[in-house]
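>>> Everything below, folded, please.
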Amino acid sequence: MTYKLIKNANLIDGTGKEIVANAGVLIQNNLIVAAGEMNDIKIPNQYVEMIDAQNGYILPGLFDTHVHMMLEIKDIRETLVSPFSLKFYQSVEYMKRTINAGITSVRDAGFTDLGVKQAVEKGLISGPRMQFSVNPLTITGGHGDSWMHSGLDITSKSYPGMPFGVCDGPEQVRQKVREMLRAGADIIKVHATGGVMSPTDHPEFTQFSQEELSVIVQEAAYRRGIKVMAHAQGAEGIKNAVRAGIHSIEHGIFLDEEAIELMLMKGTYLVPTLLASVSVLEASKVNENMPDYAVSKAREVVDIHRESISKAHKAGVKIAMGTDAGVMPHGTNLRELGLMCDIGMSPMEAIVSTTKVAAECMCWEDTLGTIEKGKIADFIITKTNPLEDIRSLEDSDNIVVVAKAGEIKKDLRVGRKQMIAHI
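You can find the predicted model right below:
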């Protein structure tokens, strides 16, 4: 048995409880066996590796419930000349940046295949544990169909392990759900409305009928009990998705009172991705990566988006942190926490959103999301107090230790070699 004891820590356990000062966390193999005040932890009478937190703050490993690990928006001219296989090698760097930011678990919202997930699980590359959706389902001409008015089609091409996602009508969507499940999908992703990044639609456009969405939900549930996440920005599309039994609403830009009431009634999760439209506007000022149609729509919705998420938060909708990473650079994920606080969440609520609530959204709450006895030992140590300065987490140098399943993935502690001892 291998034991680790984290000492000299301030504990923020992800449950929303107050900070525990002079705290410790005892880990056996990859599981937490005790956490709380140091004086209350019984240290086993055998070899224990001591990890000095240096009076830092220990939190659960963080979640991002909306990422795209296989892409990062680039100038279309670069995309058109890049070899197909290059994106797999680029994703290695994206996943490394994600881990270094303190994100140990993600839900991939499209374009990552089973081989990438398995490469992480087999230890071939370093990355967060993930649920993945393979390819989002989209209607012809909808968000996800990147056919241009010029006739050029830059929609992501299918290949073994990545079925094509465009489908129309109840029977086609049923077949596509089956194809994504066959390809190994842990969750089904559907585009219930238009979006900012799509060339021929608008975020308010409703896509897929409620009947089609219901078929998607039923087929996923019947086959494997799998949940469905919906890109949903316009109010009618959001309501169609919630009524159909969609598990989580992604973005939620044009939420109205009826949509919020439906989400509360159904227990639907909201993943705001506030950083997405902000990042589109920021990128447009420094490079040519963002097309004009995306910049125009982002400018139109950015304030409306904040207002909608604020209303949902005040009403008590369950909010899980997600960013749309890939639209912005991977590794900048924790900027989302500051934006969540800007719309009215407290720093503690933002932390719980990216730990406990996010784990619940991904149905991993029994094993992850909080620092409690019996949970998998995913944790981070920060040198700043995020409850006093949530934006300090945007600088990954302030996240000095990242561990996944008890294994240290990042360690920036000063003099750490001298500070590891054994008892």
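>>> Any stretches of the stretch 151-300 of the chain with poor pLDDT?
In the predicted model, the stretch 151-300 of the chain carries pLDDT under 70 at residues 154.
>>> Could you rerun that using 80?
Scanning the stretch 151-300 of the chain for pLDDT under 80 picks out 151-156, 223-224, 288-289.
>>> Strands along that one, start to end?
For the stretch 151-300 of the chain, the strands defined by DSSP state E, counting those that start in this stretch cover 188-191, 228-232, 248-251, 269-271.
>>> and what of the stretch 1-150 of the chain?
3-11, 20-28, 31-37, 48-60, 62-67, 103-108, 129-132.
>>> Mean confidence (pLDDT) on the third one, please.
Per-residue confidence for strand 31-37 averages out to 97 on the pLDDT scale.
>>> which strands and helices sit next to it?
Counting contacts by 3 or more Cβ pairs under 8 Å, 6 or more residues apart in numbering; DSSP states H and E, strand 31-37 is packed against strand 20-28. Placement of C-beta: from N, CA and C, glycine included.
>>> just to revisit the earlier point, out of the strands of the stretch 1-150 of the chain, which is the most enclosed?
Highest mean neighbour count of the strands of the stretch 1-150 of the chain: strand 62-67, a mean of 31 (counted as mean count of other Cβ atoms under 10 Å).
>>> want to throw the strands of the stretch 151-300 of the chain into JSON lines with distance to T367?
Output for those, formatted as JSON lines (distance: least, Cβ to Cβ, whole Å):
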{"stretch": "strand 188-191", "distance to T367": "22"}
{"stretch": "strand 228-232", "distance to T367": "20"}
{"stretch": "strand 248-251", "distance to T367": "19"}
{"stretch": "strand 269-271", "distance to T367": "18"}
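>>> Now those in a markdown table, please, with extra columns for distance to M328 and mean neighbour count.
Below are those laid out as a markdown table (distance: least, Cβ to Cβ, whole Å; neighbours: other Cβ atoms under 10 Å):
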| stretch | distance to M328 | mean neighbour count |
| --- | --- | --- |
| strand 188-191 | 19 | 28 |
| strand 228-232 | 16 | 30 |
| strand 248-251 | 14 | 29 |
| strand 269-271 | 15 | 26 |
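>>> which stretch among these comes nearest E219?
Using Cβ to Cβ as the measure, strand 188-191 is the one of these that comes nearest E219, at 8.3 Å.
>>> got the CA positions of that closest one in CSV?
These are the backbone C-alpha positions of strand 188-191, laid out as CSV (Å, rounded to 0.1, in the frame of the first residue of the first chain):
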residue,chain,number,x,y,z
ILE,A,188,-24.6,12.3,-27.3
LYS,A,189,-24.2,16.0,-28.5
VAL,A,190,-26.9,17.6,-30.5
HIS,A,191,-27.2,21.1,-32.0
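>>> quick thing: my sequence starts at 55, can you match it?
With 55 as the first residue, the last one maps to strand 242-245.
>>> circling back: mind checking the strands of the stretch 205-354 of the chain for the one nearest to D420?
It's strand 323-325; of those, that one is closest to D420 (Cβ to Cβ) at 17.0 Å.
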